[in-house]
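1. got a predicted model here, sequence first, then my questions.
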Amino acid sequence: MVALLLGLLLAADDGYLVRGVVRDGQGLPIPQVSVYVEGTQSLSLTDSEGRFELAVPAQERITLVAFRHAFKPRQVEVTLGGSHDLELLLEPALTESVTVVAPHPSEARLLPVDVVRMPGAQADPFLALQTLPGMAKVDEGAGLFVQGGDTSEVLFLLDGTVISHPYKYETLTGGLFGSVEPFLLEGLSFSTAGFSARYGDALSGVLEMRGLSRPPVRQYYATVGLGGTSGQFATPLGSRGGVRLSGNKAFTQLLFAVNGSPRKFQRYPQSWDLNGSLHYDSPRLGSFKLFGMGQGDDVGVELEQEEFTGLLDAGSDQRVFSGRWERALGSWSGTLSIGQDHYVRQTSAGVFEIDLADRNRSARLGVVRPLGRWLLRLGIDGDHRRSAIAGQVPTSGGDFGGRRSGQRVFDVHFDDWHGGAYVETERSFGRATAVVGTRVDRFDRSDVVMGAPRASLVVGLSAKQRLRLAWGRYSQVPSPEYYDETFGAPHLSVMQAQHWVAGYERGTETGSLFVRAEVYHKSYERLPVETPGGGFTSDGYGSANGFDLFARGHWRPLEFRIGYSWLQARRRWTPIFQAGRYQLPSGTWSPDFDIPQTLHAMANYKATSALTLGMSWRVASGKPFTPVLGATPTALGFDPTYGVINSDRYPLYSRVDASASYMTSLGSHTRVLFFSGVTNLTARQNIFQYKYTPDFAHREPVLSAAPRSFYFGIAIFG
């Protein structure tokens, strides 16, 4: 138990000043507890003596929230204008929650079991994130396309370490699944347009994942399902230490045997991962965590791409190591993270054969200090990426058979580092809270130093209504694949973007009804675009305009979420493996992730105290594609004549998913969860690609590897 003693409330010129102290059940102070006012950005961290000081708006009542890793958050309502001695008891987080923040800074919380229960998510956090407004669905994979941005424009962090390859079974659109299991996470924060100055080297969004902290008690779980098995064990080591071990193994042959597939497999998709962490908390030295993850995947499956049909043979191996230190130093609170992501992948399909070795080392240091009614954040971060990519690719992107253009050598030796520093201040003015910050980043290969100012404002229109405004400039280095020795570019500029965001919220995430509306405009500059003679320049540009609407309601026994997104994205930009494929028109065109309209609805119904039923429906505009208008015979085969890039669209996308789960107990400490579900309940053939006859005279849709899938399993917690 943790006791929160909220102390003296002092009147300020434009609000009140709240002071207090956070203690545990034995009366000892707890540092680094976050205390904030719900519905605002007013936040304070406790110092080494467990004390905090927080400026709050001038209103009759506020809701204070206090939380720290390994404890369940708790709220307390405070009536301003008097003196209070309040005690708030927090229970240990025996089942850690996954926190989703999207779009910034709105917040929703999910338990890992809720990710398992979510219809269509297949127990994958990335697939769960795709249900949020502003997320485009370009295929059945887990790629995160954020509000008119590409998957390569999202920064992925795990305990502060940069993860360059966050997907399993990696594809050109991200991957089929996320690489981090939900039960490895204590929380994750997903920031879209207008994210703060703490994050650099990202154009579209930031996904910051927090791994599990020191286990307060002995814990375990085991899961066995139709497609795989997983397990985890955690135990304290003395009063200050702890260890966690976990592993996962996917075996999909049984899954495909039950559901069938129109694709031929030489090797069914399979993957594994092993994870471990050591923890130590010291009142004098701070909190320490060492984490290691090893994983791999492998698949041999039939690939159909335009007029090519052949075997896709792919496999990868990844190692992630990280260390994290947190400590309160007087009025300051600091966090230091350092780590490495090492990734190796081999891919072969027709004349396309690529071996990739990628290593990214990164470090981040951030400190926070309250200064009266101000909150000051300072930090530095940097990463060093080295990539070696070798093999051969089609001379014309997409020509995997090499029948019309042959193949060419692909060779990349990429070595670059990036370093940045930021400062950010926050202050409340009555019902308004302003955050102003800036970054300065040095990009070594491009030999440039860039500034990135950013600002946001939250205005409380009433107790349950808020207006949010944000603006910022962002920059990111192009992907290493653009630096091919022969057909790439020896020098490219740093890509840039500017975000404008305005939003309105009504209600709270913990209330019976919460509604959020957001409109945004993004402009992009210095994007890589191919030149007629081969190679790339930084003359590309583009824009994204959008509107997102989200509503969540909770009336026992029913919970629902509805999201609608409108998007207009235009770019003059060449994805790396589309080089040499199309004739570039003047101006801009729709990128592959330009999905004009998306509607997603999900509902969970608690039929009994143990049984939960869920259903979701997603409908969206079809993905754009470039039509083939005809073909010309050549010595190597038929050379297709393409229309304007992405000037046509596939049919409307629609998918219905359903799930059911039943929770029961075995004894006083063990819980059992039975779960089942079906993806694409109606077996609709959503089309993301066409295949052609060798002369391009006829086309037909490429069928999904799993048009409808049933799955089931059992999970045991203790």
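-> On my side now, so go ahead. Since the model is a prediction, treat every value here as computed from it, not as a measurement.

2. what's opposite W555 in the beta bridge?
-> L558 (DSSP bridges).

3. how near is the closest residue to G141 other than its chain neighbours to G211?
-> Nearest in space to G141, with sequence neighbours left out and distances taken as Cβ to Cβ, 6 or more residues apart in numbering, is L176 at 5.0 Å. C-beta: built from backbone N, CA, C; applies to glycine. Distance of L176 to G211, computed by Cβ to Cβ, to the nearest Å: 23 Å.

4. same check on L311?
-> 37 Å.

5. with G134 instead?
-> Distance from G134 to G211, by Cβ to Cβ: 26 Å.

6. do F547 as well
-> Computed as Cβ to Cβ, the F547 to G211 distance reads 35 Å.

7. more crowded one of these two?
-> In terms of neighbours (other Cβ atoms under 10 Å), G211 is the more surrounded of F547 and G211; the figures are 24 against 15.

8. what about the residue nearest to G141, helix or strand, and which?
-> strand 174-178 (DSSP states H and E).

9. report the distance from that strand to the chain centre.
-> Centre-to-centre, strand 174-178 and its host chain are 11 Å apart (Cα atoms, centre = their mean, to the nearest Å).

10. and the next helix or strand past it?
-> In the C-terminal direction, the helix or strand that comes right after strand 174-178 (DSSP H and E) is strand 185-191.

11. tell me the strands beside that next one, with direction?
-> strand 205-211 (antiparallel).

12. name the residues that touch the helix or strand following the partner strand?
-> The element immediately downstream of strand 205-211 (helix or strand, assigned by DSSP H and E) is strand 219-225. Outside strand 219-225, the residues within contact range by Cβ atoms under 8 Å, 6 or more residues apart in numbering are 94, 183, 229-235, 675, 711-718.

13. redo that, cut-off 6 Å
-> Residues outside strand 219-225 that contact it (Cβ atoms under 6 Å, 6 or more residues apart in numbering): S230, G231, Q232, F233, A234, G713, I714, A715, I716, F717, G718.

14. so what sits opposite the spatially most central residue of the chain in the bridge?
-> Residue closest to the average C-alpha location in the chain (Cα atoms, centre = their mean): L207, at 3.9 Å. Beta-bridge pairing of L207 under DSSP bridges involves F156, F190.

15. so it touches F190, yeah?
-> Yes: applying Cβ atoms under 6 Å as the test, L207 and F190 come out as touching, 5.3 Å apart.

16. next one: the residue nearest to G141 from A250, what distance?
-> Taking Cβ to Cβ, one finds L176 at 10 Å from A250.

17. between the two, which is the more surrounded one?
-> L176 (24 against 20).

18. hmm, back to that, tell me the mean pLDDT for the strand holding L176?
-> Here strand 174-178 scores 82 as its mean pLDDT.

19. give the buried residues for that strand.
-> Within strand 174-178, the residues that count as buried by 16 or more other Cβ atoms under 10 Å are G174, G175, L176, F177, G178.

20. just give the nearest non-adjacent residue to the first one, would you?
-> Taking Cβ to Cβ, 6+ apart, and ignoring the residues beside it in sequence, G174 has G143 as its nearest neighbour in space, at 2.5 Å.

21. wasn't the one you found part of a helix?
-> No: according to DSSP: H, G, I helix; E, B strand; the rest coil, G143 belongs to no helix; its state is coil.

22. ok, it - how many residues close by?
-> The criterion is other Cβ under 10 Å. On that basis, G143 has 27 neighbouring residues.

23. I'd like the distance between it and F126.
-> On the measure of Cβ to Cβ, G143 and F126 end up 8 Å apart.

24. cool, S479 as well?
-> Taking Cβ to Cβ as the measure, S479 falls 19 Å from F126.

25. between the two, who's got more neighbours?
-> Neighbours of S479 and F126, each counted by other Cβ under 10 Å, are more numerous for F126; the result is 28 against 19.

26. so for the more buried one, what's the pLDDT?
-> As predicted, F126 sits at a pLDDT of 84.

27. quick check: beta-bridge partners of the closest residue to it other than its chain neighbours?
-> Residue nearest to F126 in three dimensions, not counting chain neighbours: G178, with 3.5 Å by Cβ to Cβ, 6+ apart. Beta bridges link G178 to Y167, judged by DSSP bridges.

28. report the contact partners of G178.
-> By Cβ under 6 Å, 6+ apart, the contact list for G178 reads D124, P125, F126, A142.

29. hang on, the earlier thing: what angle separates the strand holding L176 from strand 205-211?
-> Calculated by axes from the mean of the first three to the mean of the last three Cα atoms, to 10 degrees, strand 174-178 forms an angle of 30 degrees with strand 205-211.

30. returning to what we had before: wait, the residue nearest to G141 touches D139, no?
-> No: at 9.2 Å, L176 does not count as touching D139 under the criterion of Cβ under 6 Å.

31. now I163. Nearest residue, chain neighbours left out?
-> When the adjacent residues along the chain are set aside, I163 lies closest to F156, with 4.3 Å between them (Cβ to Cβ, 6+ apart).

32. thought that neighbour was touching V162?
-> No: F156 lies out of contact with V162 (Cβ under 6 Å); the separation is 7.1 Å.

33. and these two? Which one has more around it.
-> More neighbours surround V162 than the other of F156 and V162, with 26 against 23 (other Cβ under 10 Å).

34. need the pLDDT of that one.
-> Reported pLDDT for V162: 94.

35. renumber starting at 26 from here on
-> Fine by me, first position is 26 from now on; the one you just mentioned is V187.

36. what residues are up against it?
-> Residues near V187 by Cβ under 6 Å, 6+ apart: N385, S387, D408.

37. likewise E449?
-> By Cβ under 6 Å, 6+ apart, the residues touching E449 are A222, R402, G462.

38. sec struct for the last one, please.
-> Classification of G462 by three-state DSSP places it in strand.

39. for it, what are its contacts?
-> For G462, the contact set (Cβ under 6 Å, 6+ apart) comprises A222, E449, R479.

40. nearest residue to the last one in space, please, no chain neighbours.
-> Counting by Cβ to Cβ, 6+ apart, R479 lies nearest to G497, which is 3.3 Å off, once chain neighbours are set aside.

41. what's the pLDDT at the residue nearest to G199?
-> pLDDT at G168 comes out at 89.

42. likewise for E211?
-> Per the predicted model, pLDDT is 76 at E211.

43. quick one: it and R235 touch, right?
-> Yes: using Cβ under 6 Å, E211 is in contact with R235, at 5.0 Å.

44. give me the beta-bridge partners of R48?
-> As for beta bridges, R48 partners with A28, P54 under DSSP bridges.

45. and it, how far from F575?
-> 37 Å.

46. neighbour-wise, which of those two wins?
-> Counted by other Cβ under 10 Å, R48 and F575 do not tie: F575 has more neighbours, with 23 against 19.

47. right, and that one touches P158 too?
-> Yes: using Cβ under 6 Å, F575 is in contact with P158, at 4.8 Å.

48. list residues touching both of these two?
-> Contact criterion Cβ under 6 Å, 6+ apart; residues shared by F575 and P158: G588.

49. just the buried residues of stretch 410-421, please?
-> R410, R411, S412, A413, I414, G416, Q417, V418, P419, T420, S421.

50. now those residues as CSV including distance to K648?
-> Formatted as CSV, the buried residues of stretch 410-421 follow (distance: Cβ to Cβ, whole Å):
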residue, distance to K648
R410, 30
R411, 34
S412, 29
A413, 32
I414, 27
G416, 28
Q417, 28
V418, 23
P419, 22
T420, 25
S421, 21
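
51. just the residues you listed now: which is nearest M627?
-> Taking Cβ to Cβ as the measure, M627 sits nearest to R410 out of the buried residues of stretch 410-421, at 37.4 Å.

52. helix or strand next in line after the strand or helix carrying that closest one, which one?
-> Taking DSSP H and E as the criterion, R410 maps to strand 399-419. Using DSSP H and E, the helix or strand that follows strand 399-419 in sequence is strand 432-454.

53. good, we can wrap up now.
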